[in-house]
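Undergrad: Pasting a predicted model and its sequence here:
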Amino acid sequence: MKKLAPLFIGLFVLGLLVPIGLLASGTAWGEWGKEAFTQMIGYIPKGLERFSEIWHAPFRDYAVKGIGNDIGYILSAFGGMILVLLITWGAGKILARKNNDHPNEK
Amino acid sequence: MHIPDGYLSPQTCAVMYAAAAPFWYTAARKLKKILTSKTVPLLSIFSAFSFVIMMFNAPVLGGTTAHATGAALMAIILGPWAAIIGVSSALFIQALFFGDGGILAFGANAFNMAVVIPIVGYLIYGLIARSAPMKSSRHWVGAALAGYGGINAAALSAAVELGLQPLLFHTANGTPLYCPYNLSQAIPAMMFAHLTIAGPIEAIITAGVLVFLQKSMPDVLTGIAKEARV
């Protein structure tokens, strides 16, 4: 684990740098909010309208309510990384359970 | 490349879940055999890397954005099966908490980014670098091409899924119900963004991190991660 410290530091630095990702203006192609279609094609496709808000993510667009864009984006980066670390660590431990003492040799 | 809910018909979403499912199943079975307490932290670190690197949106000519995924890198270092599980986990957290990519569309997004990129990237890298000696430049060249090829294959896959919608799902008078752009619009738009911007970024990240690990943490590549490769 100690050997992996540089990698954790790398993740930490990336987490602090994420506001760079907000500098680019515009949205990725095919990821517009449904309202954008009124402007682009004059109407919102019916099915798109119906299913587009089927799930309300708590931190939509990596924003934290009441907190500035950059800080909210950084908090989302750290929160998200911690969640990903936890679920993969958990899933990994369960999957690796049998191999801990005698790693598979091939 | 995170398709939101509403862009794909429910039928398409079901098909894409069905397309991703056998890869998840096989990946879980393979990892059960090869994952050890030493490789689990690496699985987690590269999954978190994939999550955070996708937050770095880069501008694309024409006013849109694109980003790298870290998925080919993970496939090269830990094998495609670990990458399938790791990148799917990152995409799942993105969809659930941050609304980046839909919940109905999660199967499609996982197929594109967590299955296509790792498998295509792993194959390209293997073709170019697998048998090369440790110090050969074929490693970073192979990694760069793996990143570039992987993400562009995924972009094409996403573009086809989106572009098929107006063809397959419309009202009686032909008005699209879901994504209104057809193949001739979706494919050029997605490919332009990924051939020119996201692809080169993915190539640099894949090759750059691999070279860094070879130089400063070679045991990550030789000792620890070897067990987890296919």
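TA: Yep, that arrived. Quick caveat: nothing in here was measured; it's all calculated off a predicted structure.
Undergrad: contact partners of the helix or strand of chain B with the lowest mean pLDDT?
TA: When each helix and strand of chain B is scored by mean pLDDT, DSSP states H and E, helix B:218-219 comes last, with a mean of 82. Under the criterion C-beta atoms under 8 Å, 6 or more residues apart in numbering or on different chains, residues A:3, B:134 lie in contact with helix B:218-219. C-beta: built from backbone N, CA, C; applies to glycine.
Undergrad: got a pLDDT number for the residue nearest to the spatial centre of chain A?
TA: By C-alpha atoms, centre = their mean, the mean C-alpha position of chain A lies nearest to A:Gly80, the distance being 5.6 Å. Per-residue pLDDT puts A:Gly80 at 98.
Undergrad: Can you point out the buried residues in the top helix by length along chain A?
TA: Counting by DSSP state H, the longest helix found in chain A is helix A:69-96. Residues of helix A:69-96 classed as buried by neighbour count (16 or more other C-beta atoms under 10 Å in any protein chain shown): A:72-81, A:83-85, A:87-89, A:91-92, A:95-96.
Undergrad: Those also near chain B: which ones?
TA: Restricting the buried residues of helix A:69-96 to those within reach of chain B (C-beta under 8 Å from any C-beta of the partner chain) leaves A:73, A:76-77, A:79-81, A:83-85, A:87-89, A:91-92, A:95-96.
Undergrad: helix or strand for B:Thr206, which one?
TA: Secondary structure assignment for B:Thr206, by DSSP states H and E: helix B:199-216.
Undergrad: can you check B:Ser131 too?
TA: For B:Ser131, there is no host helix or strand (DSSP H and E).
Undergrad: Could you report the neighbour count for it?
TA: The number of residues packed around B:Ser131, counting by other C-beta atoms under 10 Å in any protein chain shown, is 9.
Undergrad: The one 10 residues further on now?
TA: Burial measure for B:Val141: 16 neighbouring residues, criterion other C-beta under 10 Å.
Undergrad: do B:Ile117 as well
TA: Counted by other C-beta under 10 Å, the residues lying close to B:Ile117 total 35.
Undergrad: For it, list the residues it contacts.
TA: B:69, B:71-72, B:75, B:83, B:87, B:150-151, B:153-154.
Undergrad: cutoff 7 Å now
TA: By C-beta atoms under 7 Å, 6 or more residues apart in numbering or on different chains, the contact list for B:Ile117 reads B:69, B:71-72, B:150-151, B:154.
Undergrad: And the furthest pair within these?
TA: Farthest pair in these (C-beta to C-beta) is B:Ala72 and B:Ala154. Separation: 9.6 Å.
Undergrad: Looking at those two, which one has more neighbours?
TA: B:Ala72 (37 against 29).
Undergrad: In terms of helix, strand or coil, where does the more buried one fall?
TA: Following DSSP: H, G, I helix; E, B strand; the rest coil, the label given to B:Ala72 is helix.
Undergrad: Name the nearest residue to it, sequence neighbours excluded.
TA: Nearest residue to B:Ala72 in three dimensions, chain neighbours excluded: B:Gly121, at 3.0 Å (C-beta to C-beta, 6 or more residues apart in numbering or on different chains).
Undergrad: Now do whichever strand or helix holds that neighbour and helix B:199-216, the angle between them.
TA: Using DSSP H and E, B:Gly121 sits in helix B:117-129. Helix B:117-129 runs at 60 degrees relative to helix B:199-216, counting by axes from the mean of the first three to the mean of the last three C-alpha atoms, to 10 degrees.
Undergrad: quick one: buried residues of helix B:117-129?
TA: Within helix B:117-129, the residues scored as buried using 16+ other C-beta under 10 Å are B:117-126, B:128-129.
Undergrad: Pull the distance from it to the chain's centre.
TA: Centroid separation for helix B:117-129 versus its chain: 12 Å, with C-alpha atoms, centre = their mean, to the nearest Å.
Undergrad: Mind checking what helix or strand follows it in sequence?
TA: Remark: after helix B:117-129, the chain's next helix or strand is helix B:138-168, criterion DSSP H and E.
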